[in-house]
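Student: What shape does this take:
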Amino acid sequence: MPALAHPQRLLLVTGLSGAGKSTVLRTLEDVGWEVVDNLPLSLLNHLLATPPGSGGGEQRPLAIGLDTRTRGFDAERIVRQVKKLASDDRYPVELLYLDCAGTELLRRYSETRRRHPLAPDRPATDGIAEERELMAPLRRWADHVIDTTDTDSNALRQAIRTRFAGGGDIPHLSVVSFGFARSVPRNADLVFDMRFLRNPHWDEALRPLTGTDAAVRDYVAADEAYDSALAKIEDLLVTLLPRYRAEGKSYVTVAFGCTGGRHRSVHVAERVAARLREAGFSPTVEHRDLALPPRDQLEGGGETEMAARGRAAELSKVSE
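Tutor: Numbers count the residues shown, from 1 in each chain. As a prediction, this is how the structure comes out:
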């Protein structure tokens, strides 16, 4: 095998079968990465041992896909050799792990009628459980973990572009609003519960509106705890985010939740994102549940918000 030019950045892409590795590799290729999938581990050794700058070719970031189908796959061995290599500052090696809940993986296999690679003659549940155990060392050591349970292909592609298309040492910052009725975002680093604020849902004139409407913003901001609580949250984020940068974290997701994900969390996410921009950050904003139908069975029908919270908590437990 000829010597290759040392890449500007080396990313190992791995995770559970069906969690989205192919989508990630295609997206990385689209944004300028060189991509190699299922390289035999014997050749991986040779590639990682290539001295920096040898080969004289174009130095592009390199992504290598690895999973249990890779010949000679051994998670512990991969961790050992990459840790050894990463101890040399000349080698910018990172590991991206794609995770997914077993129930969702089972649904995907059922829809596509594919057989799990580790259980061709057994139920897919057996293969999923076996693979999760085999992959555990890589999951523990990963620099980046993306859980795709609640993520479609478009959202996954956008997440990969955001994390890996650019450069620099500034973390990519995402501010997300969500409803606890549909569970907490799995990829959130920081989660703030906005259900202590007055709820516009109980005002019939405000119920059809969202947190992007001025009437809802004014209603939420009139809560006596609003100013002091939001000021403390914003100060905390301005303090923490540079620390994430110093620790080399490349992606930070801050999530704000309320019961339905349409009023309080939406407004607060917009306000906090604006304050972070004033502080010199460049957050993107996503309202996860804003376009979805309201969960009236959780916030309406005469049910108190306390009961709604209890039911949302139960739903969250079931989904985990």
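Student: quick one, what contacts Leu28?
Tutor: Counting by CB atoms under 8 Å, 6 or more residues apart in numbering, Leu28 touches Leu11, Val13, Val35, Pro61, Ala63, Ile160, Phe164. Where you see a C-beta, it was placed from the backbone N, CA and C, and this is true even at glycine.
Student: and the first one, backbone torsions?
Tutor: Translated: Leu11. Reported as degrees, to the nearest 10, the phi and psi values for Leu11 are phi -120, psi 120.
Student: Pull up the gap between it and Cys100, please.
Tutor: Noted for Leu11: a distance of 19 Å to Cys100, by CB to CB, to the nearest Å.
Student: quick check, Arg114 in a helix?
Tutor: No. Read with DSSP: H, G, I helix; E, B strand; the rest coil, Arg114 is coil and lies in no helix.
Student: And for it, the neighbour number?
Tutor: For Arg114, the count of nearby residues is 12 (other CB atoms under 10 Å).
Student: what's the distance between it and Val31?
Tutor: 27 Å.
Student: Asp235 too?
Tutor: Asp235 is 35 Å from Val31, by CB to CB.
Student: For Asn38, which non-adjacent residue is spatially closest?
Tutor: Counting by CB to CB, 6 or more residues apart in numbering, Asn38 lies nearest to Thr70, which is 5.0 Å off, once chain neighbours are set aside.
Student: Check what pLDDT that neighbour gets.
Tutor: Per-residue pLDDT puts Thr70 at 77.
Student: hang on, it in a strand?
Tutor: No. According to three-state DSSP, Thr70 belongs to no strand; its state is coil.
Student: okay but it is in contact with Leu43, surely?
Tutor: No. Using CB atoms under 8 Å, Thr70 is not in contact with Leu43, being 10.3 Å away.
Student: Looking at these two, which is more packed in?
Tutor: Each of Thr70 and Leu43 has its neighbours counted (other CB under 10 Å); Thr70 has more, 18 against 14.
Student: Quick check: Arg277 vs Glu270, distance?
Tutor: Distance from Arg277 to Glu270, counting by CB to CB: 11 Å.
Student: Name the residue in those two with the higher neighbour count.
Tutor: Neighbours were counted for Arg277 and for Glu270 using other CB under 10 Å; Glu270 has more, 18 against 12.
Student: List the buried residues in the helix or strand containing the more buried one.
Tutor: Element membership for Glu270, per DSSP states H and E: helix 264-278. By neighbour count with 16 or more other CB atoms under 10 Å, helix 264-278 contains the buried residues Arg264, Ser265, Val266, His267, Val268, Ala269, Glu270, Arg271, Val272, Ala273, Arg275, Leu276.
Student: Leu190: what's it in contact with?
Tutor: Leu190 neighbours (CB under 8 Å, 6+ apart): Leu237, Leu240, Val252, Thr253, Val254, Ala255.
Student: meant to ask about Ala229, not that
Tutor: If you count contacts by CB under 8 Å, 6+ apart, then Ala229 has Phe196, Leu197 around it.
Student: and it, which of the three is it?
Tutor: Assignment for Ala229 (three-state DSSP): helix.
Student: Against His144, how distant is it?
Tutor: Note on Ala229: its distance to His144, by CB to CB, is 31 Å.
Student: And Arg163, by the same measure?
Tutor: Arg163 is 7 Å from His144, by CB to CB.
Student: and what of Arg115?
Tutor: 28 Å.
Student: between the two, which one's more packed in?
Tutor: Using other CB under 10 Å as the criterion, Arg115 and His144 rank with His144 on top: 19 against 13.
Student: and the nearest residue in space to that one that is not next to it in sequence, bridged to which residues?
Tutor: Of all residues not flanking His144 in the chain, Leu96 sits nearest, at 4.4 Å (CB to CB, 6+ apart). According to DSSP bridges, the partner residues bridging Leu96 are Val13, His144.
Student: how many other residues sit next to Leu96?
Tutor: 23.
Student: Could I get the contacting residues of it?
Tutor: Counting by CB under 8 Å, 6+ apart, Leu96 touches Leu11, Leu12, Val13, Thr14, Gly15, Val24, Ala142, Asp143, His144, Val145, Ile146.
Student: Give me the nearest residue to Met135, chain neighbours excluded.
Tutor: In space, Met135 comes closest to Ala75 once its chain neighbours are excluded; the distance is 6.0 Å by CB to CB, 6+ apart.
Student: residues near that neighbour, how many?
Tutor: Around Ala75 there are 19 residues (other CB under 10 Å).
Student: My guess is it contacts Leu134. True?
Tutor: Yes. Under the criterion of CB under 8 Å, Ala75 makes contact with Leu134 at 5.9 Å.
Student: where in the chain is pLDDT low?
Tutor: Along the chain, the parts satisfying pLDDT under 70 run over 1-8, 41, 44-45, 47-59, 85-91, 166-171, 246-248, 250, 294-320.
Student: all helices for it, in order.
Tutor: For the chain, the helices defined by DSSP state H cover 21-30, 41-48, 75-86, 102-112, 124-141, 153-164, 214-221, 226-246, 264-278, 296-299, 305-319.
Student: Sounds good, over and out.
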